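1. Sequence first, predicted coordinates after that:
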Amino acid sequence: MNLKKFIIHRILLSIVVIFGLSIVIFSIARIVPGDPARMALGATATKEALENFKIENHLNEPLPVQYIYWIAGVLHGDFGKSTTTDRAVAKDIIQFLPATVEVVFFSTLLLIFGSILIGKLAAKHKDTVLDGILRVFSYAGVAMPGFVVAILLLLLFGYVWQVIPVLGRLSPNMTPPSHITGLYVLDALLTGKPAVAWNAFLHILIPAVSLALGGMFQDARLVRNAMVENSSKDYLVAMKGYGIPEKVINNKYLLKPSLIPAVSCMGMDIASLMGNAFLIETIFSWPGISKYGLSAMLAKDLNAISGVIMVFGIVFVIVNIIVDIVVAYLDPRIRLGGGN
């Protein structure tokens with residue numbers, strides 16, 4: 001099985017997963033206690049209004065028919081109307097999703113490069129004081145919940161040491177850039193506003209660190225342990241005997257196979273960043289889709305909840321496809337497993 005067939009196979013499986021996810025989301029939205037029409041229109045709605053709402057949204061039809069109408073709308077980008085914002089859920093997702101994508105993107109960069117650098121450093125100085133210090137920080141980072149880290153950083157940089165902005169996406173004296181992608185840093189750079197881009201980046205920094213810290217230290221431990229275990233392999237010992245520089249061995253022949261277990265864990269951590277962002281967005285007043293989804297849950301806004309979960313599921317599937325491709329590149333045994 002070559003890499004192209006491997007990718008096509010994973011994409012086809014992912015389509016099946018997304019289809020199954022849509023069934024689960026629809027089923028949960030329909031079996032929760034309460035009348036969907038009553039939850040949407042409120043306790044003061046008349047019987048006529050409730051009946052019209054049910055007819056308009058096909059709630060009087062059998063569940064399989066309701067699902068067909070619902071999935072047809074989803075395929076056209078129609079998740080229904082949000083009772084929280086009184087707008088189409090798709091418009092809310094378009095508005096709130098870029099903010100979460102932006103902070104998750106920088107969290108992903110920090111998680112990937114930070115875990116690899118820390119893991120390499122700890123493996124290079126195995127069983128030394130530095131390795132012990134990094135191990136303590138790793139255990140603390142894994143054990144400490146992300147919202148605790150967020151609150152501590154908020155107190156540190158928002159009250160004690162006010163050098164980095166911590167609330168919102170931009171300072172009050174800054175004008176948001178023209179909307180192109182919804183990503184403030186990128187939009188500001190595209191419109192020639194470097195000061196706005198820098199200010200937006202500073203606002204992202206602390207939320208991104210809070211979101212990535214736990215996963216970064218966990219993955220760093222995996223990189224460190226794998227590098228220490230693989231460093232005693234015969235082929236690496238032979239390379240050292242041939243006089244190949246240690247730097248080349250570590251970066252080219254030791255790091256690559258050592259990343260395989262870490263990359264799988266990184267993929268799970270990266271995919272879960274969006275779901276875990278709701279506390280970070282609440283603490284730092286970040287107007288993202290995770291915070292929007294939390295508000296929808298508190299308001300029992302079924303259409304908004306279904307839309308947000310569907311987006312999270314699609315992101316999770318896409319990240320897993322990317323991780324599978326990266327792992328297959330690092331380890332040919334995986335992509336060639338179906339061959340003769």
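-> Arrived safely, thanks for sending.

2. only C-alpha atoms for contact and neighbour calcs from this point on.
-> OK.

3. Kindly give the local confidence score, pLDDT, for N199.
-> With respect to pLDDT, N199 has a value of 91.

4. Help me confirm that it is found in a helix?
-> Yes - assessed by DSSP: H, G, I helix; E, B strand; the rest coil, N199 belongs to a helix.

5. Give me the spatial nearest neighbour of it, chain neighbours excluded.
-> Closest residue in space to N199, ignoring its immediate chain neighbours: L170 at 6.4 Å, by Cα to Cα, 6 or more residues apart in numbering.

6. R224 too?
-> R224 sits nearest to G119 (Cα to Cα, 6+ apart), 4.3 Å away.

7. isn't the one you found right up against M216?
-> No - G119 lies out of contact with M216 (Cα atoms under 8 Å); the separation is 9.6 Å.

8. Do a quick rundown of the helices in the stretch 101-250 of the chain.
-> Assigned by DSSP state H, counting those that start in this stretch, the stretch 101-250 of the chain shows helices spanning 129-143, 146-155, 184-190, 194-230, 234-241, 246-248.

9. Pull the contacting residues for L130.
-> Each residue near L130 by Cα atoms under 8 Å, 6 or more residues apart in numbering is listed here: A122.

10. and it, how far is that from Q218?
-> 17 Å (Cα to Cα, to the nearest Å).

11. Distance check, V149 against V16.
-> Per Cα to Cα, V149 is found 37 Å from V16.

12. Could you list the buried residues of stretch 115-125?
-> Buried residues in stretch 115-125, defined by neighbour count with 16 or more other Cα atoms under 10 Å: S115, I116, I118, G119, K120, L121, A122, A123, K124.

13. go on, stretch 232-239?
-> Buried-residue list, stretch 232-239, by 16+ other Cα under 10 Å: L236.

14. Next: stretch 182-195.
-> Buried, per 16+ other Cα under 10 Å, within stretch 182-195: G182, L183, Y184, V185, L186, D187, A188.

15. Make a markdown table out of the residues you listed and add pLDDT.
-> Below are those laid out as a markdown table (pLDDT from 0 to 100):
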| residue | pLDDT |
| --- | --- |
| G182 | 86 |
| L183 | 89 |
| Y184 | 89 |
| V185 | 90 |
| L186 | 90 |
| D187 | 90 |
| A188 | 91 |
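
16. and the residues you listed as CSV, adding distance to G20?
-> Shown next, in CSV, are the buried residues of stretch 182-195 (distance: Cα to Cα, whole Å):
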residue, distance to G20
G182, 30
L183, 31
Y184, 34
V185, 36
L186, 35
D187, 36
A188, 39
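
17. ok, of these, which one's closest to P36?
-> Lowest distance from P36 to those (Cα to Cα) belongs to G182, with 32.2 Å.

18. Let me see the contact set for the closest one.
-> Contacts of G182 (Cα under 8 Å, 6+ apart): Q95, P98, A99.

19. what's the closest of the residues you listed to T85?
-> Among those, and counting by Cα to Cα, the member closest to T85 is Q95, at 11.8 Å.

20. Pop out the phi and psi values for the residue lying closest to the closest one once chain neighbours are set aside.
-> Spatial nearest neighbour of Q95, chain neighbours left out: G182 (7.6 Å); criterion: Cα to Cα, 6+ apart. Main-chain torsions, G182, degrees, to the nearest 10: phi 90, psi -10.

21. Tell me which helix or strand I318 sits in.
-> For I318, the element it lies in under DSSP states H and E is helix 302-330.

22. Off-centre distance for that helix?
-> Distance of helix 302-330 from its chain centroid, counting by Cα atoms, centre = their mean, to the nearest Å, is 9 Å.

23. cool, and stretch 167-186?
-> 21 Å.

24. If you rank every helix and strand of this structure by mean pLDDT, what lands last?
-> Sorted by mean pLDDT, DSSP states H and E, the helices and strands of the chain end with helix 332-335, the least confident at a mean of 64.

25. what residue ranges in the stretch 1-150 of the chain score low on pLDDT?
-> Within the stretch 1-150 of the chain, the stretches with pLDDT under 70 are 1-3, 34-35, 39-43.
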